[in-house]
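Engineer: Coordinates only, no sequence provided:
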């Protein structure tokens, strides 16, 4: 379960006519060692698509930014702390109660946008307006993303905003990330850079011991609200093929806290990781990896 989570699910597509299709996906995470499952919390969506325009989906799924960043991380946002979301939490994060839109009329460029009325994410240090009811008192989010893929070039960018409940001391956390991959056939070069502003978007291991208790694979951590706080993050990576079946991958990434962090340490978090996989068949491989994180105390 390090390279990819075990899962099972159901999906279907219905052709309505004139290029319009209805679709659904229900996907569950599975713990094969214990025989338990997460319910349909990996993905639970109902949507429509039109071949010349794009698609709209509602429910729970990866954010638009997470989809735009597929292929950016040499570790494919898996392998525990080696994942890109150790430094860039929005590289792999799910939202509940979301309406998401994806264009399909631009050849090599996809534009994506999503709004979550209640993300289902955990929150730390957030102002809460007690006794109130309404959408504005939920943990909402907007995700905007773009992905360009043509020939050897892949470029992706995202800008996400996470809103605390409304009321006194209400705040929001902003995050932007841009990244790219250049494929040199045998070797691919990966790079990413970004910022968290007025708090932090946490991935599975993002400075977890500073302000949060981390998170599970369904929520991908928590949102830490702290006006004036800021983090800068970057990643450099490489993927190299050895024959048809072997692949080496590695990365170094860092998150650098700055500004008004009133809780916990503010030292840099640096993670260096290497891995190797061997593909026996389309569905079967073996892998080995090592990751070292120098995290704040």
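Structural biologist: Now that the structure is in, tell me what you want to look at. Not measured: the values here are computed from a predicted model.
Engineer: if you average pLDDT over the helix or strand hosting residue 160, what comes out?
Structural biologist: Using DSSP states H and E, residue 160 falls within strand 153-163. Here strand 153-163 scores 96 as its mean pLDDT.
Engineer: Partner strands of whichever helix or strand comes after it and their direction?
Structural biologist: Once the chain leaves strand 153-163, the next helix or strand it forms, by DSSP H and E, is strand 172-183. Applying DSSP bridges, strand 172-183 is found paired with strand 153-163 (antiparallel), strand 187-201 (antiparallel).
Engineer: sorry, back to before: now do the buried residues in the strand holding residue 160.
Structural biologist: Within strand 153-163, the residues that count as buried by 16 or more other CB atoms under 10 Å are 154, 155, 156, 157, 158, 159, 160, 161, 162, 163. Just so you know, the C-beta spots here come from the backbone N, C-alpha and C atoms, and that holds for glycine as well.
Engineer: Identify all contacting residues around it.
Structural biologist: The contact list for strand 153-163 (CB atoms under 8 Å, 6 or more residues apart in numbering) reads 63-65, 68-69, 71-72, 90, 119, 121, 139-149, 170, 172-183, 199, 201, 223.
Engineer: Give me the buried subset of those.
Structural biologist: Buried by 16+ other CB under 10 Å: 63-65, 68-69, 71-72, 90, 119, 121, 139-148, 170, 172-181, 199, 201, 223, out of the contacts of strand 153-163.
Engineer: Now for the closest residue to residue 92 other than its chain neighbours, how many residues are close by?
Structural biologist: Of all residues not flanking residue 92 in the chain, residue 77 sits nearest, at 3.8 Å (CB to CB, 6 or more residues apart in numbering). Neighbours of residue 77 under the rule other CB atoms under 10 Å: 23.
Engineer: Then residue 249?
Structural biologist: The local packing of residue 249 (other CB under 10 Å) involves 24 other residues.
Engineer: Let the chain start at 29 from now.
Structural biologist: Will do, 29 is the new start, and the previous item becomes residue 277.
Engineer: could you say which helix or strand contains it?
Structural biologist: strand 274-287.
Engineer: Give me the angle between the helix or strand following that strand and strand 274-287.
Structural biologist: The first helix or strand that comes after strand 274-287 along the chain, using DSSP H and E, is strand 297-307. Orientation of strand 297-307 against strand 274-287 (axes from the mean of the first three to the mean of the last three CA atoms, to 10 degrees) gives an angle of 160 degrees.
Engineer: and strand 297-307, what other elements does it pack with?
Structural biologist: strand 274-287, strand 313-322 (3 or more CB pairs under 8 Å, 6 or more residues apart in numbering; DSSP states H and E).
Engineer: Which strand in this protein has the most residues?
Structural biologist: In the chain, taking DSSP state E as the definition, the longest strand is strand 250-270.
Engineer: Could you list the buried residues of that one?
Structural biologist: 250-254, 257-259, 261-263, 265-267.
Engineer: mean confidence for that strand?
Structural biologist: 90.
Engineer: for this protein, where's the lowest mean pLDDT among helices and strands?
Structural biologist: Confidence across the helices and strands of the chain bottoms out at helix 236-239, with a mean of 41, counting by mean pLDDT, DSSP states H and E.
Engineer: rewinding a little: need the helices and strands packed on strand 297-307 in a markdown table with mean pLDDT and distance to residue 53, can you?
Structural biologist: Output for those, formatted as a markdown table (pLDDT from 0 to 100; distance: least, CB to CB, whole Å):
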| stretch | mean pLDDT | distance to residue 53 |
| --- | --- | --- |
| strand 274-287 | 92 | 28 |
| strand 313-322 | 93 | 25 |
